[in-house]
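> here's my sequence, what's the structure:
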Amino acid sequence: MRKKTLLAVPALALGAMAMAAGPALADTSEPWSGQTSLDELNGSGTSGDAMIELDGNEATVTINISGAAAEFMDGPFPHAQHIHVGGEGVCPDASADTDGDGAVSTPEGIPSYGEVSTSLTTEGDTSADSALAVERYPGGAEYTYERTFEINDDSAAALADGTAVVVIHGVDPTLLSEEAAEKMSPLNEELPLAATLPAACGTVSVSQMGAMPDGGADTGSPVQPADNTGVIVGASAGALALVAGGAWMLRRRSDNV
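Numbers count the residues shown, from 1 in each chain. Predicted coordinates for the structure are as follows:
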């Protein structure tokens, strides 16, 4: 009996570590919010932050953007922006560039961030049908976007489980390789590739904060999947308290994760 008890306690502690390392889930029975820093993709120089407040399916989305492409065909450069779901819930890195043109296109990023679920348009439809409705998106080098609307169930669920990704599109073609700058978009052959390239990206983390994050994103930082090291270490500390004298085995195992 004593041997079974000694085996069960470390297993319980490891289970607690695994749960602590997973994404936070929102209590959707009450109003809640999520937020993210938007880090540049494709060397765009674009950065910003986003906050999404949900009450049931009513969403208030606030986005602040700076350093974006400024002009397109003698007018403000339109920046399509979406909530993507169904992928790994992360932003792609340079390895997603499968055709070797030096840019990660929207289709190349889909395994990481998923398909368009909600179009963050300035007016009208917000479904995936409006993904390329460039006339209904904000534009220019800097902008603030705020809109309240009914969000679909898929987006609400992904936001609640921490796998929804906000993606801002549109990159200044002068920042791209010659090959990428001359390409047309795989999403719409009437648009250049630069018009639909992902420019900034961030996974929305569940939060109880009622305000935007302080400061903007570091535009020189590459976008990487979320680092859960601190969460795992914190969980390890709790597990050590539970297993007392036998805790050295858990520490040794967590150090090898």
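
> what's the spacing between the closest residue to residue 136 other than its chain neighbours and residue 204?
For residue 136, ignoring the flanking residues on the chain, the nearest one in space by C-beta to C-beta, 6 or more residues apart in numbering is residue 121 at 4.2 Å. C-beta here means a position set from N, CA and C on the backbone, and glycine is covered the same way. Counting by C-beta to C-beta, to the nearest Å, the gap from residue 121 to residue 204 is 18 Å.

> and if you look at residue 46?
In this view, residue 46 and residue 204 are 17 Å apart by C-beta to C-beta.

> ok, the two, which is more surrounded?
Looking at residue 46 and residue 204 with other C-beta atoms under 10 Å, you find the greater number of neighbours at residue 46, namely 29 against 23.

> can you name the residues that contact the closest residue in space to residue 140 that isn't next to it in sequence?
Distance criterion C-beta to C-beta, 6+ apart; nearest residue to residue 140, sequence neighbours excluded, is residue 76 at 4.1 Å. For residue 76, the contacting residues are 70, 139, 140, by C-beta atoms under 8 Å, 6 or more residues apart in numbering.

> distance check, the first one against residue 45.
Translated: residue 70. Shown here: residue 70 relative to residue 45, a distance of 10 Å by C-beta to C-beta.

> and for the last one?
Distance of residue 140 to residue 45, computed by C-beta to C-beta: 14 Å.

> which neighbours do these two share?
In terms of C-beta under 8 Å, 6+ apart, residue 140 and residue 45 are both contacted by the residues residue 68.

> what is the nearest of the contacts of residue 76 to residue 166?
Among the contacts of residue 76, residue 139 lies closest to residue 166 (C-beta to C-beta), at 17.2 Å.
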